[in-house]
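Asker: fold the following for me, if possible:
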Amino acid sequence: MATRHTLIETELGEITLVADEGRLAGLYFRHHWYKPPQESLGAYVEPDTDPLFTATAAELEDYLAGRRTSFDVPITAAGDEFQKRVWALLEEIPYGRTTTYGALAEKLGDRSLAQEVGRAVGHNPLSVIVPCHRVVGRDGKLTGYAGGLRRKKLLLDLEEPSRAKAERLF
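Answerer: Coordinates of the predicted model:
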């Protein structure tokens with residue numbers, strides 16, 4: 001069962017899912033900034049023939065429909081130690097909240113690491129599942145997202161607390 005991949009269609013567009021054994025190892029959009037080489041994705045399998053891909057697709061569908069706020073599929077991410085530390089911090093950002101690259105750098109003990117944090121966030125191989133879309137610029141503005149700013153805005157709008165949405169409509 002080793003490394004394998006599939007394609008699923010979602011509200012966010014076509015997504016490539018990559019698995020390594022029994023864990024999800026990648027979630028990439030069609031024009032993802034840092035998509036791995038095709039030969040590293042393993043064999044293609046139909047999504048409905050692989051239990052991990054079936055579960056991931058169902059969880060994504062529920063998340064995008066507002067019925068889920070976190071993910072339960074097992075994950076693994078290949079990266080250096082610094083990247084893994086940053087990705088672990090991403091997993092701590094609550095649903096419906098945002099933080100900045102500088103705030104993440106401070107949590108790592110050095111605010112001057114903000115640009116390095118930004119690079120690590122951009123190389124997150126598990127977009128959406130590990131919520132890198134919840135990181136915004138210092139001034140609260142949307143900044144780079146490997147899946148594109150349109151998707152980042154859609155994800156942040158989806159997670160916006162209902163009270164804030166109601167206040168925004170007036």
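
Asker: and the longest helix for this protein?
Answerer: Within the chain, and with DSSP state H defining each element, the longest helix by residue count is helix 51-64.

Asker: residues touching that helix, excluding its own?
Answerer: Residues from elsewhere that reach helix 51-64, judged by Cβ atoms under 8 Å, 6 or more residues apart in numbering: 6, 8, 10-12, 15, 17, 19, 22-24, 27, 45, 47-48, 68-69, 71-74, 128-129, 158. From N, CA and C alone the C-beta is placed, and that goes for glycine too.

Asker: pretty sure H133 contacts L155?
Answerer: Yes: applying Cβ atoms under 8 Å, one finds H133 in contact with L155, separated by 4.3 Å.

Asker: same drill for these two, tell me which one is more crowded.
Answerer: Comparing H133 with L155 by neighbour count (other Cβ atoms under 10 Å), the higher total belongs to H133, at 26 against 21.

Asker: and the gap between the more buried one and L154?
Answerer: 9 Å (Cβ to Cβ, to the nearest Å).

Asker: just give me the residue closest to the centre of the chain.
Answerer: If you average the C-alpha coordinates of the chain and look for the closest C-alpha using Cα atoms, centre = their mean, you land on S127, 1.8 Å from that point.
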